[in-house]
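> got a sequence here, can you model it:
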Amino acid sequence: METMDIVGKTKEDASLPKATMTKIIKEMLPPDVRVARDTQDLLIECCVEFINLISSESNEICNREEKRTIAPEHVLKALQVLGFGEYIEEVYAAYEQHKLETVDTVRAGKCSNGAEMTEEEALAEQQRMFAEARARMNGGLTGPPKQQDAEAEQTLNS
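Okay, the predicted model is just below:
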């Protein structure tokens, strides 16, 4: 019988997005180096196993401290316990960066006075963000979608 994890799936069910991992692998290597598909699969499996190892140790540390939620400190301590102490500084820096980005995202979703956005404000913000995304996709064209279509058509006919 296969071992089950906390959510009732087999460990083999745990995976990482293959396309994202392949992109990361390619970015980490010089442009003239190619990686065989089997090698990519092996690297992805190693990453999953590493995550399982860190998660398991973090969970044990959390349980020993009689906590119910794994905190970043538990992960950092797990890295140390498992012999990955040399990475703690870099992992902590990434965590701090994540906290800053998360705070910025939360602030962007609120009005300047700290109250949550009204439905109208949220809709206006959403429309503005869609317009920006359309502009980026259409090579800098701006304005409402129908105006953008007309501008794009003019550009093609020119």
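> separation between the residue nearest to T69 when sequence neighbours are not counted and M129?
Excluding the flanking residues, the one nearest T69 by Cβ to Cβ, 6 or more residues apart in numbering is C62, at 7.1 Å. In this view, the C-beta of every residue, glycine as well, is placed from N, C-alpha and C. Between C62 and M129 the distance, using Cβ to Cβ, to the nearest Å, works out to 37 Å.
> quick one: low-confidence residue ranges for the protein.
Low-confidence segments of the chain (pLDDT under 70): 1-13, 104-115, 139-158.
> quick one on the thing from earlier: more crowded one of C62 and M129?
Between C62 and M129, counted using other Cβ atoms under 10 Å, C62 has the larger neighbour count: 19 against 11.
> may I have the residues that are in contact with the more buried one?
Residues in contact with C62, defined by Cβ atoms under 8 Å, 6 or more residues apart in numbering, are R68, T69, I70, A71, H74.
> between these, identify the one with the most neighbours.
Result: H74 is most packed of the contacts of C62 (other Cβ under 10 Å), 22 neighbours.
> burial check on D38, number of neighbours?
D38: 8 surrounding residues under other Cβ under 10 Å.
> should've said E132
Here the count is done by other Cβ under 10 Å, and E132 has 11 residues near it.
> double-check that it belongs to a helix.
Yes: according to DSSP: H, G, I helix; E, B strand; the rest coil, E132 belongs to a helix.
> for it, give its distance to N138.
From E132 to N138 the distance is 11 Å (Cβ to Cβ).
> intersection of neighbour lists for the two?
Counting by Cβ under 8 Å, 6+ apart, E132 and N138 have no common neighbour.
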